[in-house]
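Chemist: Model the following, please.
(2 chains)
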2 protein chains.
Amino acid sequence: MQSIKILAFDVFGTVVDWHTGVMRETQALLPAIDANAFALAWRNGYVPAMAKVMSGQKPWTLIDDLHRQILDDILLDFGVSHLTEEQKIQFNKVWHRLPAWPDTVQGMLTLKQQFVLTSLSNGNIALLTHMAKNAQLPWDCILSAENFHQYKPSPATYLGVAKIFDVLPSQVLMVAAHQDDLLAAKNCGLKTAYIERPLELGHTCIKDISDNGMNDFHAKDLIDLASQLGVQLR
Amino acid sequence: MQSIKILAFDVFGTVVDWHTGVMRETQALLPAIDANAFALAWRNGYVPAMAKVMSGQKPWTLIDDLHRQILDDILLDFGVSHLTEEQKIQFNKVWHRLPAWPDTVQGMLTLKQQFVLTSLSNGNIALLTHMAKNAQLPWDCILSAENFHQYKPSPATYLGVAKIFDVLPSQVLMVAAHQDDLLAAKNCGLKTAYIERPLELGHTCIKDISDNGMNDFHAKDLIDLASQLGVQLR
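Modeler: From the prediction side, this is the model:
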């Protein structure tokens, strides 16, 4: 694995714990509703919202704006009508304030010693930048679907990372907690690392984190990945 | 100045000392030639090379590739014909290995406590990322002409920073050691900060660093800028 140069990370669920972050702020702002269900509904709106853009039904849209459209819909679904516009703007930025998983910062600092660490997220650049500041994520570079005007799993995103860094696709390791993301990366020639995040969807819905045998690495967390890649924190 | 949110930095000359970096590696690799003249010639090739792209005479080109074309030209001019292709590839990456000015890292760490720090350089994303790793530049985000497929001083670059971060142009402070860069930013509605770098061109050609009265800030270095912006290192 000497040839891997760039680690490209999925972010929501892989690097940060969106369920806990969204649930906590929902509990604080809207104590009367089911915060677990609200967090899941907000996240569930995301794939269909992107699909409308990818099919050409809607023009290119930043995730901040998709998040806001979904928020407006689910506030109605949950019977919430008392938030001011300013409260909605601030609440929508909860996605900028998600907490890192406990291993994330140490894992990244370790991996950073040997590799270039970049995000490759459907989150927009501003969202990823503010998130990194809030959670102290030590990225070397922030890349986003916004760089390519295509969301993952479009090949343009995975191949775009290799192109920007002037390396072969096989010199990029895609790191994600989602098999579909990794399969799309693998189909573009990237190496892949699966990260177990059994609690990504909270405690009411434990994820299947079994090894499907399709990836180059299957790691418990980012510290385990660093260890498997032979990097130790100095 | 409460409203400034984003600091966008010119990089070559403002954040890193390209003259010293290029001169040192030139001395080591090509001891027989005038390293000061070689460094100046390499950098002087840059504006005409970009002009060919901006006029449409050449397609969009990354700075890594422009640097290589200029290198090939000036190696001929300086009568150097013995370098291998691999040596030229490695030498061209001297621009990824430029040293920070002595105040840069502390200045950035101080400013980073209060503002989002992004590069806004004509250097490509990979170049800026490798440079940041080598010189330990603590960027929050790396933005480049490559994001916009336009070089500075195109308005698309300055306004692009404001658009990406969803702020007003007046909430972006352009930080540079070059008055032309700052004037173009000012014409787009950005705030501007001039940084004195009298030795940017080496000791044989001291730069005029006098205050032209056109900028919102005129600072000795990045630590002085932080002080003028009211930020102290915690």
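Chemist: now for the least confident helix or strand in chain A by mean pLDDT, which elements pack on it?
Modeler: Scoring the helices and strands of chain A by mean pLDDT, DSSP states H and E places helix A:46-54 at the bottom, with a mean of 93. Packing partners of helix A:46-54 (3 or more C-beta pairs under 8 Å, 6 or more residues apart in numbering or on different chains; DSSP states H and E): helix A:63-77. All C-beta spots, glycine's among them, are computed from the backbone N, C-alpha and C.
Chemist: quick one, the least confident helix or strand of chain A and helix A:63-77 angle?
Modeler: Between helix A:46-54 and helix A:63-77, the angle comes out at 130 degrees (axes from the mean of the first three to the mean of the last three C-alpha atoms, to 10 degrees).
Chemist: What is the burial count for A:Ser154?
Modeler: Residues lying near A:Ser154 (other C-beta atoms under 10 Å in any protein chain shown) number 17.
Chemist: residues contacting it?
Modeler: Residues in contact with A:Ser154 (C-beta atoms under 8 Å, 6 or more residues apart in numbering or on different chains) are A:54, A:148.
Chemist: that older thread, list the buried residues for the least confident helix or strand of chain A?
Modeler: Within helix A:46-54, the residues scored as buried using 16 or more other C-beta atoms under 10 Å in any protein chain shown are A:46, A:49-50, A:53.
Chemist: What lies in contact with it?
Modeler: Taking contacts as C-beta under 8 Å, 6+ apart, the residues outside helix A:46-54 that touch it are A:58-61, A:63, A:66-67, A:69-70, A:122, A:150-151, A:154.
Chemist: Filter these down to the buried ones.
Modeler: By 16+ other C-beta under 10 Å, the contacts of helix A:46-54 give A:61, A:63, A:66-67, A:70, A:122, A:150-151, A:154 as buried.
Chemist: Mark out where each domain of chain A begins and ends.
Modeler: A:6-17+A:100-228, A:19-96 (automatic domain parsing).
Chemist: Could you single out the most deeply buried of these?
Modeler: Of all the domains of chain A, domain A:6-17+A:100-228 carries the top mean neighbour count, a mean of 20, counting by mean count of other C-beta atoms under 10 Å in any protein chain shown.
Chemist: what's the first-to-last distance across it?
Modeler: Using C-alpha to C-alpha, to the nearest Å, the end-to-end distance of domain A:6-17+A:100-228 comes to 16 Å.
Chemist: where's it relative to the chain centroid, distance-wise?
Modeler: 7 Å (C-alpha atoms, centre = their mean, to the nearest Å).
Chemist: Could you export the domains of chain A to JSON lines, including columns for distance to B:Lys93?
Modeler: Formatted as JSON lines, the domains of chain A follow (distance: least, C-beta to C-beta, whole Å):
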{"stretch": "domain A:6-17+A:100-228", "distance to B:Lys93": "10"}
{"stretch": "domain A:19-96", "distance to B:Lys93": "33"}
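Chemist: Nearest to B:Arg197, out of those?
Modeler: Comparing the domains of chain A by their distance to B:Arg197 (C-beta to C-beta), the top pick is domain A:6-17+A:100-228, with 25.2 Å.
Chemist: nearest residue to A:Ala185 other than its sequence neighbours?
Modeler: Nearest residue to A:Ala185, sequence neighbours excluded (C-beta to C-beta, 6 or more residues apart in numbering or on different chains): A:Met174, at 3.6 Å.
Chemist: Hmm, A:Lys133 is touching B:Val116, no?
Modeler: Yes - between A:Lys133 and B:Val116 there is a contact under C-beta atoms under 8 Å: 6.9 Å.
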